[in-house]
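Q: how would this look folded up:
(2 chains)
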Amino acid sequence: QKEVEQNSGPLSVPEGAIASLNCTYSDRVSQSFFWYRQYSGKSPELIMSIYSNGDKEDGRFTAQLNKASQYVSLLIRDSQPSDSATYLCAVNRGSARQLTFGSGTQLTVLP
Amino acid sequence: EAQVTQNPRYLITVTGKKLTVTCSQNMNHEYMSWYRQDPGLGLRQIYYSMNVEVTDKGDVPEGYKVSRKEKRNFPLILESPSPNQTSLYFCASRKNGLDYGYTFGSGTRLTVV
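A: The predicted structure is shown next:
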């Protein structure tokens, strides 16, 4: 079992819709969670972090964490074509080194 | 501007020829890390450093070396590159604390022939 799993996609949504990206992790001691966006040929950029159960909102983005289910998600409201990218989930397992990434979900927002 | 700077951006080399990829950050971050990114495998951690003179292995350290003599610099050394080290490499840094994510450099695309 992979430590961090994401659906690879591709996921397509129409402009203005809500895009929902999901991530599961295997290590119950994981303490903090991150969502990154990576455009093709570019480096990952941090969108949001979350470490408490529940929702965390930042503009059009909402991160949701459920530690009991070992599940973290990212919602993008009012999706725009500029949101088309690969979204990476990353999990910090609490040790000094381990920020482990999922393989990413490719999102396409259709005009 | 706060940033992580990697050099070179592109590098083609031959098997066995030692090379160094440099990484520098200007944010006074304690943690630095090297990742490689390969299609279908995602980002995999090679080495990380918690502070000056403190380094440790990540998930795929074989064939790589690092050093952290200064807080701002964290070079990646390939003593004898092989074709299976052809990849996209990212250096990253972050502040100490579980809530902080990594800031990534622009990447180095390495090809070993």
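Q: ok, A:Ser26 touching A:Lys2?
A: Yes - counting by CB atoms under 8 Å, A:Ser26 touches A:Lys2, with 7.2 Å between them. C-beta coordinates here come from the backbone N, C-alpha and C atoms, glycine included.
Q: quick one: furthest residue from the center of chain B?
A: In chain B, the residue that sits farthest from the middle, by CA atoms, centre = their mean, is B:Asp99; the gap is 21.2 Å.
Q: helix or strand: which one has it?
A: Under the criterion DSSP states H and E, no helix or strand holds B:Asp99.
Q: enumerate every residue touching it.
A: A:Ser32, A:Ser49, A:Tyr51 (CB atoms under 8 Å, 6 or more residues apart in numbering or on different chains).
Q: got a pLDDT number for the second one?
A: At A:Ser49, the pLDDT value in this model is 93.
Q: okay, and it sits in which element?
A: According to DSSP H and E, A:Ser49 maps onto strand A:45-50.
Q: show the subsequent helix or strand relative to that strand.
A: strand A:54-58.
Q: ok, the helix or strand following that following strand: who's next to it in the sheet?
A: Downstream of strand A:54-58, the first helix or strand assigned by DSSP H and E is strand A:61-66. Strand pairing for strand A:61-66, determined by DSSP bridges: strand A:54-58 (antiparallel), strand A:71-76 (antiparallel).
Q: just the buried residues of the longest one, please?
A: Of the residues in strand A:71-76, A:Val72, A:Ser73, A:Leu74, A:Leu75, A:Ile76 count as buried by neighbour count, 16 or more other CB atoms under 10 Å in any protein chain shown.
Q: and it, how far out from the chain's middle?
A: Distance of strand A:71-76 from its chain centroid, counting by CA atoms, centre = their mean, to the nearest Å, is 6 Å.
Q: report all helices and strands that the helix or strand just after that strand contacts.
A: Scanning forward in sequence from strand A:71-76 by DSSP H and E, the next helix or strand is strand A:85-92. Here strand A:85-92 touches strand A:4-6, strand A:19-25, strand A:32-38, strand A:71-76, strand A:99-101, strand A:105-110, going by 3 or more CB pairs under 8 Å, 6 or more residues apart in numbering or on different chains; DSSP states H and E.
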